[in-house]
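Student: A predicted structure for the sequence below; I have some questions about it.
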Amino acid sequence: MRVLIVGGGIIGCATAEALARASAEVILYERGAPGGEASSAAAGLLTAFGAGPRTQFQDLAIASWRLYPTVAADLRERTGIDVELVRRGTLYPFLDAGEISEMTVPEPLATEFGAQLLDEEQVRRQEPALSPKVRGALFVAGDHWVNSQRLVTAYAQAAALAGVEMRTGRSVARILVADGRARGVVADGEEVAGDAVLIAAGAWSGELVASFGAALPVGPARGQMVALSHVPPVLMHCVHADDVYLVPRPSGELLVGATVEHVGFRREVTARGVGELLAAAVDIVPALGDRALARTWYGFRPWAPDGLPILGPWPGVSGLFVATAHFRSGIMLAPITARLMAQWILEGVPSIAVTDFLPDRYVAAGRG
């Protein structure tokens with residue numbers, strides 16, 4: 001089977017690699033460099049634990065989280081790239097001691113993720129640099145993080161090594177649909193036939209859907225981020241407050257993120273965005289106020305109105321699939337998305353429940 005994938009971010013590269021390892025012929029189109037947009041801009045948080053009722057989204061995240069240790073080791077063995085999987089856990093601070101007494105940590109996931117409530121003294125032992133206003137925290141030992149730039153590069157290299165034809169610098173203008181079936185794509189004026197087409201173009205996926213006369217409400221949510229010098233380190237754990245998260249990387253940087261802005265494809269870092277991030281970071285960790293500003297950047301995270309990914313076959317069009325709208329969870333969900341999309345494309349059915357993510361919720365059957 002020949003599969004054409006449009007989009008060379010983390011989702012496209014991971015799925016291409018999974019399909020090629022299952023003996024599919026795969027051609028991946030990416031108009032820029034693999035991972036050059038949202039994937040490389042991400043902080044790389046791997047957070048799957050949730051204190052609320054179980055949902056299909058949480059099940060999806062947990063399944064992906066469980067894959068990551070094997071994924072990281074496998075990518076390193078095959079490509080030589082260390083994706084810097086860090087397993088020191090995350091602190092979710094409380095500023096009101098009453099929040100701690102109201103919080104419950106559900107089993108059995110609490111045991112697997114090492115989630116526990118910490119009082120003020122315990123928090124100080126974990127992270128002395130936290131503001132005195134922090135009165136306690138939820139600590140999730142199972143929260144991990146990776147270097148997203150290294151991860152997407154490793155996936156792209158692994159895909160190429162598995163036999164994927166990486167057509168970078170090639171822009172797909174149109175998905176070819178005729179007689180209720182996806183027939184291929186038009187890339188830089190050339191028609192290329194395929195047995196299946198996967199749209200994994202992130203925030204640009206809606207433009208491709210429009211090329212065959214349909215619609216999908218996926219657009220960009222700009223996220224600005226800041227990196228501070230972190231030598232010597234101020235924090236050992238990730239700290240995730242209500243309005244900012246702080247991620248210490250082995251490289252000696254501390255990532256500060258991230259804004260969520262619905263401003264279209266405006267390619268700019270703004271004074272307001274950076275200022276708000278830095279103010280929130282210094283408020284929760286005052287010592288960061290004396291750290292040097294290393295760099296700033298932004299990414300366009302693919303967002304759908306209900307905040308959930310859009311995964312699965314396009315209704316009424318055989319051979320057409322979509323994997324987009326991962327929003328803030330693209331890195332977290334990449335391994336399980338790749339596995340599920342490969343199963344869908346090659347076997348016709350995914351291995352776990354995904355009805356909440358089907359494009360059917362936005363698309364009337366037969367359109368396109």
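Tutor: Here it is on my side, so go on.

Student: which stretch of helix or strand covers residue 125?
Tutor: Secondary structure assignment for residue 125, by DSSP states H and E: helix 120-126.

Student: so after that helix, what's the next helix or strand?
Tutor: Per DSSP H and E, helix 120-126 leads on to strand 136-140 as the next helix or strand towards the C-terminus.

Student: re earlier: quick one: contacts of the helix holding residue 125?
Tutor: 91, 93, 97, 118, 130, 134-137, 139, 236-237 (C-beta atoms under 8 Å, 6 or more residues apart in numbering). The way it works is simple: take the backbone N, C-alpha and C, and place the C-beta from them, glycine included.

Student: report the longest helix in this structure, please.
Tutor: Looking only at the chain and at elements set by DSSP state H, the helix with the highest residue count is helix 56-79.

Student: the inter-axis angle of the next helix or strand after it versus strand 136-140?
Tutor: Helices and strands here follow DSSP H and E; after helix 56-79, the next one along the chain is strand 90-94. Relative orientation of strand 90-94 versus strand 136-140 (axes from the mean of the first three to the mean of the last three C-alpha atoms, to 10 degrees): 160 degrees.

Student: now for strand 90-94, which elements pack on it?
Tutor: Using 3 or more C-beta pairs under 8 Å, 6 or more residues apart in numbering; DSSP states H and E as the contact criterion, the neighbours of strand 90-94 among helices and strands are helix 120-126, strand 136-140, strand 238-240.

Student: Just checking the distance from it to the centre of its chain.
Tutor: When distances are taken as C-alpha atoms, centre = their mean, to the nearest Å, strand 90-94 is centred 21 Å away from the chain's centroid.

Student: How about stretch 336-346?
Tutor: Distance of stretch 336-346 from the chain centroid (C-alpha atoms, centre = their mean) equals 16 Å.

Student: what does it contact?
Tutor: 1, 3, 11, 14-15, 17-19, 22, 24, 60-61, 63-64, 67, 196, 198, 309, 311-313, 321, 323, 326, 349-352, 354.

Student: List the buried residues for that stretch?
Tutor: 336-345 (16 or more other C-beta atoms under 10 Å).

Student: Mind picking the two most distant members of these?
Tutor: Using C-beta to C-beta, the buried residues of stretch 336-346 span at most 14.9 Å, a distance reached by 336 and 345.

Student: for stretch 218-235, the distance to its chain's centre please.
Tutor: The offset between the C-alpha centroid of stretch 218-235 and the centroid of the whole chain comes to 15 Å, using C-alpha atoms, centre = their mean.

Student: Look up how far residue 13 lies from residue 122.
Tutor: For residue 122, the distance to residue 13 equals 41 Å [C-beta to C-beta, to the nearest Å].

Student: Now do the helices in the chain.
Tutor: 10-21, 38-41, 56-79, 97-102, 109-113, 120-126, 148-161, 205-210, 271-284, 330-347.

Student: what's the angle between the last one and helix 148-161?
Tutor: Yep, that's helix 330-347 we're talking about. 20 degrees.

Student: Using CSV, list the CA coordinates for helix 330-347.
Tutor: Extracted C-alpha coordinates of helix 330-347, given in CSV (Å, rounded to 0.1, in the frame of the first residue of the first chain):
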residue,chain,number,x,y,z
GLY,A,330,1.1,16.9,20.2
ILE,A,331,4.4,15.8,21.8
MET,A,332,2.6,13.8,24.5
LEU,A,333,0.2,12.1,22.0
ALA,A,334,2.7,11.4,19.2
PRO,A,335,3.5,7.7,19.9
ILE,A,336,-0.1,6.6,20.4
THR,A,337,-1.4,8.7,17.5
ALA,A,338,1.2,7.1,15.2
ARG,A,339,0.2,3.6,16.3
LEU,A,340,-3.5,4.2,16.0
MET,A,341,-3.3,5.9,12.6
ALA,A,342,-1.1,3.1,11.2
GLN,A,343,-3.7,0.6,12.5
TRP,A,344,-6.5,2.5,10.9
ILE,A,345,-4.8,2.9,7.6
LEU,A,346,-3.5,-0.7,7.3
GLU,A,347,-6.0,-2.7,9.3
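
Student: where in the stretch 1-150 of the chain is pLDDT low?
Tutor: 51-53, 100-103 (pLDDT under 70).

Student: ok, now the stretch 201-350 of the chain?
Tutor: The stretch 201-350 of the chain contains no residues with pLDDT under 70.

Student: So for this structure, the centremost residue is which one?
Tutor: Nearest to the mean C-alpha position of the chain, counting by C-alpha atoms, centre = their mean, stands residue 330 at 1.5 Å.

Student: and that one, how far is that from residue 228?
Tutor: Counting by C-beta to C-beta - residue 330 and residue 228 are separated by 24 Å.

Student: Likewise for residue 18?
Tutor: Counting by C-beta to C-beta - residue 18 and residue 228 are separated by 36 Å.

Student: my read: residue 269 touches residue 298, true?
Tutor: Yes: the pair formed by residue 269 and residue 298 meets the contact definition of C-beta atoms under 8 Å, at 5.6 Å.

Student: Need the overlap of contacts for the two.
Tutor: Overlap of the contact sets of residue 269 and residue 298 (by C-beta under 8 Å, 6+ apart) consists of residue 224.
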